[in-house]
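J.: I'd like to go over a predicted model; first the sequence, then the structure.
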Amino acid sequence: MTSIAFIGLGNMGNPMAANLVKAGHAVAGFDLVAANLDVARGNGLTIAKDAAAAVKEADVVITMLPAGKHVLSVYADIAGKAKKGALFIDSSTIDVESARKAHAIAAGHGLLSVDAPVSGGTGGATAGTLTFMAGGAKEAFAKAEPVLKPMAGRIVHCGDAGAGQAAKICNNMILGISMIGVGEAFVLAEKLGLSHQALFDVASTSSGQCWSITSYCPVPGPVPTSPANKGYKPGFAAALMLKDLKLSQEAAQAAGAVTPLGAEATQLYALFNAMGNADVDFSGIINFLRGAR
């Protein structure tokens, strides 16, 4: 049993922490939202009065927060109050530069740290099948891996500090681009009189195959578990896709990389969000491509 502090108990953090409890770990949690704490308490977490109290006796500290500024603020607050030798794992999706600064804060207090953003959405968080993309020293990753396993379907060590975040934003840029491409193809198929099922049967088994078709098809029917069958209730909201695409473009600009499709996808998701679809699943952009509001 490991003593774990989990800070950030929202839609992703709560089910992740619940899986750690199910695995037999002692988990102390903290969040600024009272309703999230109520859910966490029901999941078997001990609720701390604040972040500092949560980390005081923890061997491992996991954060799942909205943005880099929140991670850096929390790290600055708790790193000096953490147990000697504690491991810090940040599973937020943030910019690479902030991730590296968080590592530096931890290192300044003699703590090991890993940036370990996730892919898999709320469904993967609940099922314990998330993909973790980890960045950090080999020693830190070796300590983090067994802690991550109850929450994971796959864990990949991507490299040194910030590499996990780099992998996440590259992956999600692919996802944003591919979902738009799949949506365009299904809209064209509709105009040509081709059924959704026919296009799915062809594209899912030939050269057009990708995750956006096989696992998350943006039209009802072919993939029963996709949000298209539930009115595009989000597994991964359009607002989160836009956040990740913006991070990819910030990174591309900083690195001098040319990403025209990533830039175009960012613009399309910005329009989709601005039209009131921030809380719609990102696959719902197919309706935007049809011309619907």
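T.: The structure has been received and is ready for your questions.
J.: Let me see the ranges of the strands in this protein.
T.: Counting by DSSP state E, the chain forms strands over residues 3-7, 26-30, 46-47, 60-63, 87-90, 112-115, 118-119, 130-135, 152-159, given from the N-terminal end onward.
J.: Ok, which of those comes nearest residue 242?
T.: The stretch from these with the least distance to residue 242 (CB to CB) is strand 118-119; that distance is 16.4 Å. No exception for glycine: its C-beta is placed from N, CA and C like everyone else's.
J.: Can you tell me the strand partners of the closest one and which way each runs?
T.: Within its sheet, strand 118-119 is paired with strand 130-135 (antiparallel), according to DSSP bridges.
J.: Next, the angle from the strand it pairs with to strand 152-159.
T.: In terms of direction (axes from the mean of the first three to the mean of the last three CA atoms, to 10 degrees), strand 130-135 departs from strand 152-159 by 10 degrees.
J.: what's the model's confidence in strand 130-135, averaged?
T.: For strand 130-135, the mean pLDDT works out to 98.
J.: wait, doesn't residue 83 sit right on residue 56?
T.: Yes - with contacts defined as CB atoms under 8 Å, residue 83 counts as touching residue 56 at a distance of 7.0 Å.
J.: Can you give the domain ranges for the chain?
T.: With automatic domain parsing serving as the domain definition, the record reports that the chain contains domains spanning 3-160, 166-289.
J.: Against residue 27, how distant is residue 164?
T.: 22 Å (CB to CB, to the nearest Å).
J.: Counting neighbours, go ahead and name the busier of these two.
T.: Applying other CB atoms under 10 Å to residue 164 and residue 27 shows that residue 164 carries more neighbours, namely 29 against 26.
J.: Distance to residue 106 for the strands of the chain - can I get that in a markdown table?
T.: Putting the strands of the chain into a markdown table (distance: least, CB to CB, whole Å) gives the following:
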| stretch | distance to residue 106 |
| --- | --- |
| strand 3-7 | 14 |
| strand 26-30 | 18 |
| strand 46-47 | 23 |
| strand 60-63 | 9 |
| strand 87-90 | 5 |
| strand 112-115 | 4 |
| strand 118-119 | 19 |
| strand 130-135 | 12 |
| strand 152-159 | 17 |
